[in-house]
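In: what shape does this take:
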Amino acid sequence: MKLGEANIQIIDGDRGKNYPNKFTESGYCLFLNAKNVTSKGFSFDSKQFISKERDELLGKGKLQRNDVILTTRGTVGNVALYDETVPYDNVRINSGMVILRCNQEIVNPRFLYYTMQSEKVQSQIFQMRTGSAQPQLPISHLVNLEIDLPDLTTQRTIAATLSTLDAKIAINTAINQRLEQIAQAIFKSWFVDNVTDDWFYVNLGSVTTEIRTRVKEKELPVLSAVKTGNLVLSEDYFTKQVYSKDISKYIVVAPNNFAYNPARINIGSIGINDFDFTGCVSPVYVVFRTEPEYHHFFRFFIKSSNFQEEVRVRASGSVRQSLNYRDFALIEVIYPPIDVVRRFNSLYEPIHTMQRYLEEENTHLAAIRDALLPRLMSGELSAPALENIS
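Out: Below is the predicted model:
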């Protein structure tokens with residue numbers, strides 16, 4: 001069945017003359033752009049709001065609960081569901097997205113949300129894109145999207161089964177966020193609020209060592225620093241390969257070593273290798289190691305406002321700021337004694353172990369969900385079989 005024939009309204013974002021050109025960090029109405037809808041659903045790392053007066057000037061694009069949102073410009077095909085878990089009651093979208101609003105007597109919104117993520121639908125979206133510099137998905141193409149629409153009972157069963165997995169992932173994520181807040185509070189108490197006279201200032205160059213070891217003939221997984229402050233596996237994080245086929249000149253990153261892209265450190269793209277294996281990063285990266293046992297201290301120091309301000313001041317370049325290791329090495333830090341660091345490690349490491357366990361469980365659950373999705377959408381798994389799973 002074509003999407004345009006499935007009792008689903010397709011509502012574009014606002015394109016009118018009253019489109020707001022000024023946003024605030026807080027306000028009456030959350031105004032979503034395409035960056036807020038990722039391949040994993042909503043992301044509210046950055047938010048922009050408009051006033052009530054501006055909101056009232058706009059004619060379309062206001063969300064209702066259980067709307068499905070699809071990005072149609074730039075990164076085309078990302079999907080999110082505006083359900084009760086989203087902590088904003090007043091939300092609009094811009095013209096880089098559309099709202100898919102279901103007649104819920106015929107189409108289950110959560111089923112549609114999963115359908116739009118299926119390989120069958122995503123491959124159609126890829127083929128329907130227009131433009132090369134900035135891909136777009138015109139509504140005139142979108143209405144011709146072919147979707148499978150079983151009876152409503154089957155839709156609900158499929159949606160409930162996949163939602164069970166997503167709910168567990170959300171719980172684990174919330175626990176990890178709380179654990180991170182606890183760890184941040186401990187770090188602040190120990191290393192910011194209670195500095196003693198026997199601590200002293202040092203330059204980072206005196207307590208870190210730059211690493212320039214090349215991969216050469218070895219086969220190592222490629223890592224990338226992302227703005228969340230982590231090193232991630234590039235092949236898992238990006239939808240396409242962003243690294244070279246020849247990685248012989250890439251830089252080796254051992255466990256507990258740090259890496260950053262000098263041109264992106266100002267947005268937080270610096271992280272520690274938290275994996276239990278050695279990886280590598282692009283040769284444009286800076287890689288360094290800390291003194292023994294100080295890696296957890298540095299894990300939190302690089303997130304501190306003091307470090308981020310130093311980066312802002314020292315990064316060179318007017319258009320795209322960059323921070324090489326030489327300038328990084330000049331940053332000062334109040335350096336704690338090893339006995340304090342060891343006591344902090346003894347408190348933090350159980351927290352970190354739990355965080356890693358939950359992250360690994362989420363990866364496993366997501367893999368199960370993603371493996372089930374095409375089998376459910378194709379009808380390979382029937383509704384009675386799913387009832388035993390859920």
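
In: tell me the mean pLDDT over stretch 182-197?
Out: The average pLDDT within stretch 182-197 is 94.

In: and it, what's buried?
Out: Of all the residues in stretch 182-197, those buried under the rule 16 or more other C-beta atoms under 10 Å are 183, 187, 190, 191. The way it works is simple: take the backbone N, C-alpha and C, and place the C-beta from them, glycine included.

In: check stretch 164-175 too.
Out: Neighbour-count burial for stretch 164-175 flags 165, 166, 169, 172 (criterion: 16+ other C-beta under 10 Å).

In: isn't the first one right up against residue 368?
Out: This means residue 165. Yes - between residue 165 and residue 368 there is a contact at 6.2 Å, judged by C-beta atoms under 8 Å.

In: now do the strands in the stretch 251-390 of the chain.
Out: 251-253, 258-260, 270-272, 279-281, 286-290, 332-335 (DSSP state E, counting those that start in this stretch).

In: can you put those in JSON lines and add mean neighbour count?
Out: Listed next are these as JSON lines, based on neighbours: other C-beta atoms under 10 Å:
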{"stretch": "strand 251-253", "mean neighbour count": "24"}
{"stretch": "strand 258-260", "mean neighbour count": "24"}
{"stretch": "strand 270-272", "mean neighbour count": "24"}
{"stretch": "strand 279-281", "mean neighbour count": "26"}
{"stretch": "strand 286-290", "mean neighbour count": "21"}
{"stretch": "strand 332-335", "mean neighbour count": "17"}
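
In: which residues of the chain fall in helices?
Out: Secondary structure of the chain (DSSP state H): helices located at 52-57, 109-117, 119-128, 139-142, 152-191, 204-207, 234-237, 295-301, 305-314, 325-328, 338-378, 383-389.

In: which elements pack onto the third one?
Out: If I follow you right, that is helix 119-128. Packing partners of helix 119-128 (3 or more C-beta pairs under 8 Å, 6 or more residues apart in numbering; DSSP states H and E): helix 338-378.

In: centre of the chain to the helix it packs on, how far?
Out: What separates the centre of helix 338-378 from the centre of its chain is 15 Å, taken as C-alpha atoms, centre = their mean, to the nearest Å.

In: distance to residue 75 for the helices of the chain - can I get that in a markdown table?
Out: Output for the helices of the chain, formatted as a markdown table (distance: least, C-beta to C-beta, whole Å):
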| stretch | distance to residue 75 |
| --- | --- |
| helix 52-57 | 26 |
| helix 109-117 | 14 |
| helix 119-128 | 11 |
| helix 139-142 | 16 |
| helix 152-191 | 21 |
| helix 204-207 | 36 |
| helix 234-237 | 14 |
| helix 295-301 | 30 |
| helix 305-314 | 27 |
| helix 325-328 | 31 |
| helix 338-378 | 19 |
| helix 383-389 | 31 |
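
In: no further queries at this time; thank you.
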